[in-house]
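J.: give the three-dimensional model of this entry:
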Amino acid sequence: MTVYLLVVNILIPLVHPTHEFALAAKTWFDGVCDEGWSTCPQTESGLIRILSNPNYPTPSNDPVYYAGLLRELVRLGNHHFWPDDITLRNVLTTDIQVRSSELADLYLLALAIEHGGAFATFDQGVRASLIPGGTDALELIVP
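T.: Numbering: from 1, shown residues only. Next up, the predicted model:
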């Protein structure tokens, strides 16, 4: 059984039905949610922060509203909450060259590996090979 850590670009279309990737996210999620899926503090706060931003095209700017939608999603079952229990100090080693724009995805990929799961994303640019075991733990979803 693979438990998938859902990145923000998967979570947003799951709770925002008019998002351009909503159908792709739901179709993928429906196929794997029985196996298990996870969130962590970064993905949950990222979802709420982005959707409640006044510049984001959503029906509400209220963070409490989006926390409620996240609670509804979690109630679907097979959810795992993974704490941020690793550090970039150990993920970033002197033998890799990484850009600051890659840090969040590489951290989340490493977190998924630490918990024996996989990292699910629409982002085709994740350089998973920078993290030991990363290539095997990356689930790329094509919209």
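J.: and the lowest-mean-pLDDT helix or strand in the chain, how far from the chain's centre?
T.: One helix or strand of the chain scores below all others by mean pLDDT, DSSP states H and E: helix 88-91, with a mean of 88. Mean-position distance between helix 88-91 and its chain equals 19 Å (CA atoms, centre = their mean, to the nearest Å).
J.: what of stretch 28-39?
T.: On CA atoms, centre = their mean, the centre of stretch 28-39 falls 12 Å from that of its chain.
J.: do stretch 133-143 as well
T.: With CA atoms, centre = their mean, you get 12 Å for stretch 133-143.
J.: next one: stretch 115-132
T.: Its chain's C-alpha centre and that of stretch 115-132 lie 10 Å apart, by CA atoms, centre = their mean.
J.: would you mark the buried spots in the least confident helix or strand of the chain?
T.: The neighbour-count check on helix 88-91 (16 or more other CB atoms under 10 Å) flags residue 91 as buried. Quick note: C-beta positions are derived from backbone N, CA and C, even for glycine.
J.: all helices for the protein, in order.
T.: 8-15, 22-32, 41-51, 63-74, 88-91, 103-114 (DSSP state H).
J.: which among those is found nearest to residue 141?
T.: helix 22-32 (5.0 Å; CB to CB).
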